[in-house]
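>>> the following block contains a protein sequence and its predicted model.
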Amino acid sequence: MKFVLILMFFCFATNIFEVKSQELSEDFGFEVDSVRDESRIQYLRFLELGVSPNSYSGDLGQFQKWTACYHIGLKFNHAPRLNGRVGFHFGAITGENRTYQYTGTNEKTTPNNFFRTNLLGAEYELQYHFLKKHNFGVYLSQGIGFMQFTPRDEDAKKYSDLIFTRDVDETYSSNAFYLPTSIGAYYLLKNGYGMGVQGGMVNPMTDYLDNISNWGNKQGNDQILRIKFFVLAPLKMAFPKRIPKKRKAELRTHF
């Protein structure tokens, strides 16, 4: 939550600074656009707020349940094709299979058959726009992120403390990198505010989101399907360069 508050303060301060700089330029006679054509404004930076239904795939289920995750980020829009985004998210995933049993041995095992995992993460992604117009875009995104996850049981007890739910001497870290891959699209209104959707796989580099690995019947790491719905608010914009009014008046006197 501290990260979110710091980011929101940074975005607000940046926006205020740019507005005040623009006002000072006008007051002291620096070159200012004579007429601002709203249809030609380029929006360079956005504040992004979003919510996503997330679904887990692993030993206790294959995209069977959906839970919410909340997002805040900065979306950059300087280049025609390739732009970046930095973001933070928090939320949860869950899974359940009351009849789950490990089939890899004849010995008695006691894996958990339910989990709810809290997630907190930060990520940076590159978005390649294969279709981009002034007011909308469609893009492919690849990123890298770092998350903290905490699997818990029905009584909110941490599975990391319940050693009987895993193999002998089996431990794991509650932190992991992830590689989000997705496709998205957005639409902007004339005032720069907009909305969009982005969906794809989170691809965590861990098999312990559900607290099951050695006693798992599914090969490979756990997966998260994420479909994010978001709104955009412009933080920085660029106007087309025009001849200032004062300069226009000077030109008229010469001709």
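In hand now; what should we look at? In this text the structure is predicted, and so the values were computed from the model without any measurement.
>>> quick one, strands of this protein?
42-58, 61-76, 82-96, 114-132, 136-152, 175-178, 181-188, 194-201, 223-238 (DSSP state E).
>>> wait, residue 96 sits on residue 112?
No - using C-beta atoms under 8 Å, residue 96 is not in contact with residue 112, being 9.6 Å away. Bear in mind the C-beta positions are built from the backbone N, C-alpha and C, glycine included.
>>> what's the closest of the strands of the chain to residue 167?
strand 136-152 (15.4 Å; C-beta to C-beta).
>>> joint contacts of residue 96 and residue 112?
Common neighbours of residue 96 and residue 112, counting by C-beta atoms under 8 Å, 6 or more residues apart in numbering, are residue 60.
>>> the two: which is more packed in?
residue 112 (24 against 16; other C-beta atoms under 10 Å).
>>> tell me the spacing between the more buried one and residue 133.
Relative to residue 133, residue 112 is positioned 49 Å away (C-beta to C-beta, to the nearest Å).
>>> spatially central residue for this structure, please.
residue 87 (4.6 Å; C-alpha atoms, centre = their mean).
>>> didn't that one look like it was pressed against residue 141?
No - between residue 87 and residue 141 there is no contact under C-beta under 8 Å: 10.9 Å.
>>> mutual contacts of the two, please.
What both residue 87 and residue 141 touch, as defined by C-beta under 8 Å, 6+ apart, is the set residue 125.
>>> excluding sequence neighbours, find me the nearest residue to residue 125.
residue 143 (2.8 Å; C-beta to C-beta, 6 or more residues apart in numbering).
>>> meant to ask about residue 123, not that
residue 145 (3.1 Å).
>>> mind listing what that neighbour touches?
121, 122, 123, 124, 177, 178, 179, 180, 202.
>>> and with 7 Å instead?
Contacts for residue 145 (C-beta atoms under 7 Å, 6 or more residues apart in numbering) come out as 121, 122, 123, 177, 178, 180.
>>> just the buried residues of the residues you listed.
121, 123, 178, 180 (16 or more other C-beta atoms under 10 Å).
>>> hang on, the earlier thing: my guess is the residue nearest to residue 125 contacts residue 121. True?
No - counting by C-beta atoms under 7 Å, residue 143 stays clear of residue 121, with 10.7 Å between them.
>>> low pLDDT regions in the stretch 151-255 of the chain?
Low-confidence segments of the stretch 151-255 of the chain, defined by pLDDT under 70: 240-255.
>>> now do the same end-to-end measure for stretch 75-84.
6 Å (C-alpha to C-alpha, to the nearest Å).
>>> and it, what's buried?
75, 76, 77, 83.
>>> could the residues you listed be laid out in a markdown table, adding pLDDT and distance to residue 56?
Listed next are these as a markdown table, based on pLDDT from 0 to 100; distance: C-beta to C-beta, whole Å:
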| residue | pLDDT | distance to residue 56 |
| --- | --- | --- |
| 75 | 96 | 26 |
| 76 | 96 | 30 |
| 77 | 93 | 32 |
| 83 | 96 | 30 |
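>>> distance to residue 236 added to these, as CSV?
Formatted as CSV, the buried residues of stretch 75-84 follow (distance: C-beta to C-beta, whole Å):
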residue, distance to residue 236
75, 11
76, 9
77, 9
83, 13
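>>> most widely separated two among the residues you listed?
75 and 83 (7.5 Å).
>>> related to what we said a few turns ago, if we compare the strands of the chain, which one ends up closest to residue 215?
For the strands of the chain, proximity to residue 215 was assessed by C-beta to C-beta; strand 42-58 is nearest, at 12.1 Å.
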